[in-house]
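Novice: Quick one: sequence and predicted model below, then my questions.
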Amino acid sequence: IIRPAGGEGMLEISIMDTHLGKLAWEPETGRAYNIELAERTYWTALEDLLSRASHLKPRKILFVVGNDLLNTDILGRTTTAGTPQDSDVVWKQGFVHARTLMIQAIDRLREVAPVDVAVVNGNHDTMAIFYLGELLAAHFGRTAGVTVDHSPTQRKYVHFGENLIGLTHGNLEREKFLALLMANEQKSAWAVTRHREWHLGHWHVSRRRMYVPRPCGTLVMDDAQGVMIRIIPSLASPDAWHASMGYGGKLAAEAYYWHEHDGCVATFTHSPP
């Protein structure tokens, strides 16, 4: 692959909560959703985010896989915990679609720059995403320019220059403890970084908070230098239950450009019509 000369930064693409296989009937929910629409929406978002960031010519790409990529996980069309879901595919079919989509996405991204893949399980697809991570690691094991972090940990960390990025789905940890959790789990990287963020999915909304460690173990939320918590939105339409409860935010996908020393210097957003 012949790539254009790269810049100095890293482009992070985190398309959260795709819920492949979710079924939404438009007259009931206000917007249709099925596996074909989900794949088309995902691919359109990926290409749009790459286009918006193309002038920056990233040196590398961080690609986050998982975070409820799949809507169901086990037999019976339920989440990992057994919650029934409206689904338009059987679990085997959903996994095959997810495998194909992620391999195609990684192949597309490595045309732009070397790709570091971070696999993060969600609460809908805990087992399936672990298996998918093993599959991607095997598939790209001999591919130059692609690395896959498929370790079985709940949380993943990315250390890039003076930046430390924590990745987790957000359904298990309490937000206010994430800053100290990062400091405890990444002591060496914490000591040499200035810009620290957590990127979470799960909530299907866009939100940012700053947590700052204080003496005596307390945590204060303000805009001083600390650890930013980003809740990243989703492209998935609400299903019948979410629509009836009134849950749902603006559908969107986001990408972030990380300068080696200056932190996140650009954010790109794709929002489907």
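Specialist: Everything's here; your move. Residues are numbered from 1 along each chain as shown.

Novice: which other residues reach the helix or strand that Thr147 is a member of?
Specialist: Following DSSP states H and E, one finds Thr147 within strand 146-149. For strand 146-149, contacts defined as CB atoms under 8 Å, 6 or more residues apart in numbering pick out 106, 110, 114-119, 133, 136-137, 140, 156. Just so you know, the C-beta spots here come from the backbone N, C-alpha and C atoms, and that holds for glycine as well.

Novice: Return the subset of those residues lying in strands.
Specialist: Applying DSSP state E to the contacts of strand 146-149, the entries found in strands are 115-119, 156.

Novice: just those now: which is nearest Ala32?
Specialist: Val119 (29.2 Å; CB to CB).

Novice: How about the contacts made by that closest one?
Specialist: Val119 neighbours (CB under 8 Å, 6+ apart): 65-66, 129-130, 132-133, 136, 148-150, 156.

Novice: related to what we said a few turns ago, among the contacts of strand 146-149, which pair sits farthest apart?
Specialist: Arg110 and Lys156 (19.4 Å).

Novice: how about Gly76, secondary structure?
Specialist: Going by DSSP: H, G, I helix; E, B strand; the rest coil, the secondary structure assigned to Gly76 is coil.

Novice: can I assume it is in contact with Pro84?
Specialist: Yes - if you go by CB atoms under 8 Å, Gly76 and Pro84 touch, sitting 7.4 Å apart.

Novice: Any figure for the gap between Glu111 and Leu50?
Specialist: 9 Å (CB to CB, to the nearest Å).

Novice: swap in Gly94?
Specialist: Gly94 sits 25 Å away from Leu50 when distances are taken as CB to CB.

Novice: And Glu197, by the same measure?
Specialist: Between Glu197 and Leu50 the distance is 21 Å, computed by CB to CB.

Novice: quick one: low-confidence ranges for the stretch 1-150 of the chain?
Specialist: By pLDDT under 70, the weakly predicted segments of the stretch 1-150 of the chain are 3-6.

Novice: No more questions from me, cheers.
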